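In: Here's a sequence, model it:
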Amino acid sequence: MSLRERAEKLKTDIPALFLALKHKRTPLPAKIIVAITVAYALSPVDLIPDFIPVFGYLDDVILLPALIALTIRLIPEDVLTECREQAKEMWQDGKPKKWFYALPIVFVWLLLIFVIVKAVFF
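Out: Residues are numbered from 1 along each chain as shown. Below is the predicted model of the structure:
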């Protein structure tokens, strides 16, 4: 599988993992890893900041795909297939159809910024 094919598959796998998080038949250990993986994938904060030469991109190149691979192994195959099909339907023209899934993450970051600003200036 080429790098381009893997990147395209990631575009489907991240939303599929999010859907698997809500699926009834996904085991609890998989749900925990899925939550960590999706939160890390969608978070603007990296474990290793990108401005650090070479090491900054290692988490994007190694850590995230490793978390995705681990999560995929923990989810039953039929559940993952069903979630992948639903994920394909969620994306149209390279953009998510249900953009409001990002709202909780935006809310958490705005709350964090508010707390920091309040602590520093007040």
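In: What residues sit buried inside the helix or strand harbouring V115?
Out: Using DSSP states H and E, V115 falls within helix 103-121. Buried residues in helix 103-121, counted by 16 or more other C-beta atoms under 10 Å: none are found. Any C-beta I mention is one placed from the backbone N, CA and C, and that applies to glycine too.
In: cool, and stretch 45-52?
Out: D46.
In: Quick one: end-to-end distance for it.
Out: End-to-end span of stretch 45-52 (C-alpha to C-alpha, to the nearest Å): 13 Å.
In: Go ahead and measure how far it is from the middle of the chain.
Out: Stretch 45-52 sits 16 Å away from the centroid of its parent chain (C-alpha atoms, centre = their mean, to the nearest Å).
In: just stretch 63-72 next, same as before
Out: For stretch 63-72 - counting by C-alpha atoms, centre = their mean - the centre lies 10 Å from the chain centre.
In: Kindly report the same for stretch 22-42.
Out: 9 Å.
In: Now do I48 against K11, distance only.
Out: Going from I48 to K11 by C-beta to C-beta, to the nearest Å gives 23 Å.
In: neighbours around A35, how many?
Out: Number of residues near A35 (other C-beta atoms under 10 Å) recorded here: 14.
In: And for the residue nearest to it when sequence neighbours are not counted, the neighbour number?
Out: Spatial nearest neighbour of A35, excluding adjacent residues (C-beta to C-beta, 6 or more residues apart in numbering): L21 at 6.0 Å. If you count neighbours by other C-beta under 10 Å, L21 ends up with 19.
In: Tell me how far L21 lies from A87.
Out: Counting by C-beta to C-beta - L21 and A87 are separated by 12 Å.
In: Can you list the buried residues in the helix or strand harbouring T81?
Out: Secondary structure assignment for T81, by DSSP H and E: helix 77-90. Neighbour counts over helix 77-90 (16+ other C-beta under 10 Å) mark 79-80, 82-84, 86-87, 90 as buried.
In: and the residue sitting nearest the centre point of the chain, what does it touch?
Out: For the chain, the residue nearest the mean C-alpha position is V38 (2.6 Å; C-alpha atoms, centre = their mean). Contacts for V38 (C-beta atoms under 8 Å, 6 or more residues apart in numbering) come out as 14, 17-18, 21.
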